[in-house]
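J.: structure for the following, please:
(one chain, ligands or ions: 1)
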Amino acid sequence: MKNIVILISGRGSNMEAVVRAAENEGWPARIAAVISNKPQAQGLEFARARGIPTAVVASKEFSSRVEFDAALQEVIDRFAPDLVVLAGFMRILTASFVEHYAGRMLNIHPSLLPLFPGLGTHRQALESGAAEHGATVHFVTAELDHGPVVAQARVPVLADDTEDTLSARVLAEEHTLYPHAVRLFVEDRLSIHDGEVRIMRDAPAETSSI
Ligand code: GAR
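T.: Next up, the predicted model:
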């Protein structure tokens, strides 16, 4: 049984998709906690209603990134995570925090990385005239939105798209993509070689479910 801790900052629809998939598909994993840096994050309600332990480490109460990340790390580690899932967690992380969870922290980013790291990805995609856009799940490394890629989902950019229509199309894909990627991790099917993710076709024998 793997412990998953999910970090959110807002709506939490990706967190919800992971929680539902873990339940519906009977993953060998438990959602040990949902933690937010924003006390008002909408997603906390869903987690509470599901009986998932929640915690808030309010980023605005810390005067430095280093102090906030240290406090957050302390709270996360109380839940002994095998995997930390960033699901719309809108923080730049310190190198030491990232290092602490090296190889066991995933993020979803709403673009086809390496295109459009950072904020405003849907606007950037529209302005660039790209024919395609999408989302990427990657292992988190110290460089923002640059870690080894686990999986991507692609959508077309349509002629009459606005940021809203494009982001909705991408988000719908995220809700399938993220559970898929997290499940691969939970089933021990991911490994990283020279900065590239390899995906095993089947779970290793010793962890496959009966
Ligand atoms: C998602 O689109 C996610 O990819 C994005 O924020 C949204 C969160 O929605 N994440 C980032 O931009 C991280 N850089 P959600 O709270 O409903 O999951």
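J.: show me the contacts for Val197.
T.: 139, 148-150, 190-191 (Cβ atoms under 8 Å, 6 or more residues apart in numbering). Placement of C-beta: from N, CA and C, glycine included.
J.: in strands only, show me those.
T.: 139, 149-150, 190-191 (DSSP state E).
J.: A strand includes Glu173, no?
T.: No - residue state for Glu173 (DSSP: H, G, I helix; E, B strand; the rest coil) corresponds to helix; a strand is not indicated.
J.: whichever of the contacts of Val197 end up buried, select them in ChimeraX.
T.: Under the burial definition 16 or more other Cβ atoms under 10 Å, those of the contacts of Val197 that qualify are selected in ChimeraX by:
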select :139,148,149,150,190
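J.: report the buried residues of stretch 43-62.
T.: Buried-residue list, stretch 43-62, by 16+ other Cβ under 10 Å: 43-44, 46-47, 52, 54-57, 59, 62.
J.: min pLDDT across those, which one?
T.: pLDDT is lowest at Ser59 among the buried residues of stretch 43-62; the value there is 95.
J.: quick revisit: adding distance to His180 and pLDDT, write the ones in strands among the contacts of Val197 out as TSV.
T.: Formatted as TSV, the ones in strands among the contacts of Val197 follow (distance: Cβ to Cβ, whole Å; pLDDT from 0 to 100):
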residue	distance to His180	pLDDT
Phe139	15	98
Val149	13	98
Val150	9	98
Leu190	12	98
Ser191	17	96
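J.: farthest-apart pair in these, please.
T.: Within these, Val149 and Ser191 form the most distant pair, 13.5 Å apart (Cβ to Cβ).
J.: ok, Ile188 touching Ala203?
T.: Quick fix: residue 188 reads Asp, not Ile. Yes - at 6.0 Å, Asp188 and Ala203 qualify as touching, with contact defined as Cβ atoms under 8 Å.
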